[in-house]
Every structure is written in C-alpha cells, then in structure tokens.
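Engineer: the following comprises the amino acid sequence and a computationally predicted model.
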Amino acid sequence: MVPWVLGDPLEPTIWARVRERAIFDCCKWDIQSEDHCVLADYPLILESETWRGLVGLAEELAAETLAAETELVARNDLHSRLNLPRQVQKALSRNKGEGAPVGAARVMRFDFHLTMEGWRISEANTDVPGGFIEASGFTQLMAKHFPSCQAPPDVADAYVEAIAKVAGENAVVGLVHATAHSDDRQVMEYLARKLERRGMRAVLLSPAHIRWNSGHAELVNSSGADASAPRLLVRFYPAEWLPLLSSADVWKPWFRGGKTPMSNSGTALLVQSKRFPLTWNDLRSPVPTWQRLLPETLSPCDVPAVSAEDWVYKPVFGRVGEDIAMAGITEETRYKSLKRDAQRHPDDWVAQRRFESIAIASSCGPRHVCLGVFTIDGRAAGIYGRISSNPLIDQNAQDIAVLISSKEERDVVR
C-alpha cells in the first residue's frame with residue numbers, strides 16, 4: 001500500500017484564483033508549458049509517518065554529503081574522477097594558502113522515489129537546488145483548501161531564517177543568478193521579497209556584478225562604482241558555469257579564498273557531480289545511507305553490454321532531467337544518440353542501474369512521483385513534489401503541492 005493519496009482537484013474558479021496568486025504573489029511566472037499548466041490542481045497527501053521517515057533519511061544523507069564534501073575539497077587525487085572543469089581543478093589545487101570559502105545556510109535537495117524495494121534516490125541537488133516557490137508559496141496556497149491536512153515546513157521561510165542568523169538584521173544579501181533566465185529570476189524575486197519582509201536588503205545580481213577585495217565581496221553597479229558590501233551571498237548560478245566567466249578573479253573566490261559567507265560555495269560542485277559515487281571506495285568519510293538508497297552507479301564504459309538497457313545514462317552535470325537516456329522512455333533515436341555519446345565520452349556521463357518506481361492511479365492514468373526533500377544546514381526544511389505520466393521526471397513533469405495527513409485522516413481523503 002503506497003503511503004500517499006491524491007486529493008480532489010480544486011473547483012475551477014478556486015483553481016483560477018490559486019493560479020493567479022501563484023503568479024503575482026509567489027512569482028511563479030512560468031505557469032504554462034506548451035498546452036498544459038506546470039502546476040497540478042490537486043495535492044499529493046503523505047502520511048505523517050512517511051514524512052517523518054523521509055526527514056530522517058534526508059538528514060542522514062545531508063550529514064554524509066557535508067562530511068564527504070569537506071574531505072573532497074582537499075582530495076586533489078579525486079577531482080578528475082569527478083570530471084570537474086579543469087579550471088576548477090586548478091583553483092582547488094593551487095590554493096596558495098587560500099582556504100575554502102566561508103559556507104553559510106547550506107541548502108540541498110534529495111530526490112526520493114518509491115519502489116517495490118523501498119525508497120531510492122535518483123540524485124542529490126547539492127549545488128543550486130530549485131523548487132523553492134513550489135515547495136513554499138504554492139504549497140501554502142493549496143493547503144488552505146485542504147483543512148484536514150497540514151503544510152510541511154516552508155523551505156523559503158526556513159532559508160531566510162538561516163540567512164538572517166548569519167547576516168544579521170538590516171544586512172545586504174546578494175542574490176547571484178543567471179540574470180537572463182526568467183525561471184531563475186523568479187526564484188530570486190521570491191526570496192528577495194521574503195528577505196525584505198524579514199528586514200534585510202536583497203540585491204539581485206549576476207556573478208559579474210561582484211568585485212573581490214582580499215576575499216571580500218563588493219557589489220558594483222552599472223557605472224562601475226562601489227555600491228555596497230553584502231554580508232552574505234546566495235548563489236543560484238550553477239558552479240560549473242562559473243569558469244565560463246571572463247576572468248578567474250570573478251569566479252575563483254567561490255571555490256578558494258572567498259571570505260564573504262556563501263550559500264552555497266562553489267565546492268558544492270564536488271558532490272553535485274553524478275560521478276560522486278565513483279569516489280566512495282577511496283573516501284575516508286562513510287556514506288552508508290547513500291550506498292543504501294542510490295542505485296549502483298558506474299562509468300558507462302563499465303556497463304556490461306548484455307544488460308545495457310537495465311541502466312540509465314545521465315550527464316555528469318545534467319539538471320532538470322535533461323539529456324537522460326532511459327530505454328523505452330526516451331524517444332528511441334534520441335536514446336541511441338545519447339547512449340552513443342556516453343560510450344564515446346564516458347567521463348562526461350554516468351550509468352545508473354534502473355529502478356522501477358511505483359505509480360499512483362489518477363483520473364488521467366498512472367502517475368510517477370518524485371519527492372525532493374530540502375535540508376538547510378543539515379536539517380530537513382521542506383518538500384518539493386513532482387508528478388509525471390512516465391518514470392522519467394524531467395521538465396515535462398508537473399509540480400504538485402505535498403501536504404501531510406495523519407494515518408487516520410487518510411481514509412477520508414479521496
């Protein structure tokens with residue numbers, strides 16, 4: 001018996017109002033994808049016991065991840081195995097006495113799937129995890145219409161409190177993101193509103209708007225003059241993109257020497273790499289929860305030819321399910337092309353043993369669920385739900401509000 005049910009869809013006029021508030025109150029601007037809404041008009045309702053179990057697993061994973069990352073910063077011998085960009089490898093190895101950046105309000109997200117063998121994780125988003133708007137504002141909007149359920153912790157509120165704890169009252173907080181991407185901008189706008197209601201000043205900027213002075217970040221405005229010095233930087237800009245910036249002086253402090261507190265520092269890339277499991281045999285830091293929950297992971301060149309279709313091929317720094325090759329799910333021509341690329345360039349890919357997720361029945365047919373549990377500084381802080389007609393949870397999946405119900409309430413929720 002699966003530990004969740006789907007709630008009834010909201011009545012159309014109520015749903016229209018929820019959508020409107022998601023756009024204007026929660027900055028969820030990308031509400032539509034082709035001919036369908038990216039938000040589900042019904043919630044996924046978890047048993048409270050299931051939620052507590054996921055909290056425990058996520059916090060175990062977070063503790064193991066942080067310990068492994070700390071070790072990997074100094075393990076230059078393993079950086080090439082992770083397929084880090086060469087410039088990043090050089091920055092980490094040639095430190096010239098510079099220490100690791102100052103980390104603060106460390107946020108991660110672990111993606112859980114229910115299988116016949118129990119919970120499995122497909123990956124961890126340790127670098128720039130998304131889903132804040134959906135797990136925060138949208139979920140709170142949906143919870144108001146299901147009074148027998150509770151909303152899980154609000155991850156955006158928890159994040160703001162963690163930032164305030166480090167930055168202090170009336171602090172300037174830099175929200176660093178890819179400014180040309182509206183889907184990134186909307187997340188930063190949402191967090192900015194939360195920070196400002198908490199009494200801080202949020203400044204939205206790109207990495208190029210920062211000048212580093214002896215490891216301390218200074219914000220630079222369009223005229224080139226100093227604007228202010230942030231107490232903390234929030235990075236929503238993928239770490240593997242940083243070396244693509246014009247100057248090492250702009251990006252290197254994210255990996256070495258940065259003294260302004262960062263959420264998250266560039267060293268998060270060490271455990272964001274999907275080749276992280278290939279380092280486990282050589283790590284001193286134990287990762288038993290990872291080993292139990294993550295399917296077997298190999299370099300593509302080590303996959304037995306006779307069982308190739310039992311493996312899922314993933315790019316090392318792929319995000320949002322992009323360029324994943326799954327036999328029978330990925331369009332056949334595309335699958336063959338991706339698999340061929342993985343075999344020709346194995347360092348850029350991993351092969352993960354395939355698992356079968358348990359689908360839930362809905363009025364539109366079977367649906368597969370992914371539950372992304374956030375942790376902040378090692379403590380569970382919210383949950384981001386996605387639901388899809390196929391087991392590959394990618395950009396075509398719908399975001400779904402996850403609510404918590406007691407076991408007794410389960411029987412009265414349809």
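Structural biologist: Yep, that arrived.
Engineer: quick one: the helices in the stretch 51-200 of the chain, in order.
Structural biologist: Assigned helices in the stretch 51-200 of the chain, in chain order: 76-79, 86-93, 132-133, 139-143, 155-167, 182-197 (criterion: DSSP state H, counting those that start in this stretch).
Engineer: Ile383 contacts Pro152, doesn't it?
Structural biologist: Yes - using Cβ atoms under 8 Å, Ile383 is in contact with Pro152, at 5.0 Å. C-beta coordinates here come from the backbone N, C-alpha and C atoms, glycine included.
Engineer: next, show the common contact partners of these two.
Structural biologist: Counting by Cβ atoms under 8 Å, 6 or more residues apart in numbering, the common neighbours of Ile383 and Pro152 are Trp51, Ala135, Val402.
Engineer: need the contact list for the closest residue to the last one other than its chain neighbours.
Structural biologist: Of all residues beyond its chain neighbours, the one nearest Val402 is Gly385 (4.1 Å), with distances taken as Cβ to Cβ, 6 or more residues apart in numbering. Contacts for Gly385 were tallied using Cβ under 8 Å, 6+ apart; they are Leu44, Glu134, Ala135, Val369, Cys370, Leu371, Gly372, Asp399, Ile400, Ala401, Val402.
Engineer: run through the residues that contact the second one.
Structural biologist: The reference is to Glu134. By Cβ under 8 Å, 6+ apart, the contact list for Glu134 reads Lys28, Leu39, Tyr384, Gly385, Asp399, Ala401.
Engineer: kindly report the same for the first one.
Structural biologist: Counting by Cβ under 8 Å, 6+ apart, Leu44 touches Trp4, Val5, Leu6, Gly7, Val369, Gly385, Ile387, Ile400, Ala401, Val402, Leu403.
Engineer: could you check how far it is from Arg52?
Structural biologist: 16 Å (Cβ to Cβ, to the nearest Å).
Engineer: now do the second one
Structural biologist: Glu134 is 22 Å from Arg52, where distance means Cβ to Cβ.
Engineer: same question for Ala62.
Structural biologist: In terms of Cβ to Cβ, Ala62 sits 16 Å off from Arg52.
Engineer: which one of these two has more residues nearby?
Structural biologist: More neighbours surround Ala62 than the other of Ala62 and Arg52, with 26 against 13 (other Cβ atoms under 10 Å).
Engineer: surely Trp119 meets Asp111?
Structural biologist: No - applying Cβ under 8 Å, one finds Trp119 not in contact with Asp111, separated by 10.6 Å.
Engineer: which of these two has more residues huddled nearby?
Structural biologist: Taking neighbours as other Cβ under 10 Å, Trp119 and Asp111 compare with Asp111 leading, 20 against 15.
Engineer: got a list of what that one touches?
Structural biologist: By Cβ under 8 Å, 6+ apart, the contact set of Asp111 is Ile121, Ser122, Glu123, Ala124, Asn125, Cys370, Leu371, Gly372, Ile393.
Engineer: go again using 7 Å as the cut-off
Structural biologist: Ile121, Ser122, Glu123, Cys370, Gly372 (Cβ atoms under 7 Å, 6 or more residues apart in numbering).
Engineer: can you check the pLDDT for the nearest residue to the first one once chain neighbours are set aside?
Structural biologist: In space, Ile121 comes closest to Leu293 once its chain neighbours are excluded; the distance is 4.7 Å by Cβ to Cβ, 6+ apart. For Leu293, the model assigns a pLDDT of 98.
Engineer: just confirm Leu293 contacts Glu117, I think it does.
Structural biologist: No - Leu293 is beyond contact range of Glu117, at 10.3 Å (criterion: Cβ atoms under 7 Å).
Engineer: the two: who's more crowded?
Structural biologist: Using other Cβ under 10 Å as the criterion, Leu293 and Glu117 rank with Leu293 on top: 19 against 9.
Engineer: for the more buried one, grab phi and psi.
Structural biologist: Backbone torsions for Leu293, taken as degrees, to the nearest 10, come to phi -100, psi -30.
Engineer: which residues touch it?
Structural biologist: Leu57, Trp119, Arg120, Ile121.
Engineer: is the last one in a bridge, and if so with what?
Structural biologist: Using DSSP bridges, the beta-bridge partners of Ile121 come out as Phe112.
Engineer: same question, Glu218
Structural biologist: Applying DSSP bridges to Glu218 yields these beta-bridge partners: Arg211.
Engineer: look up how far Thr179 lies from it.
Structural biologist: Note on Glu218: its distance to Thr179, by Cβ to Cβ, is 18 Å.
Engineer: with Asn213 instead?
Structural biologist: Using Cβ to Cβ, Asn213 is found at 22 Å from Thr179.
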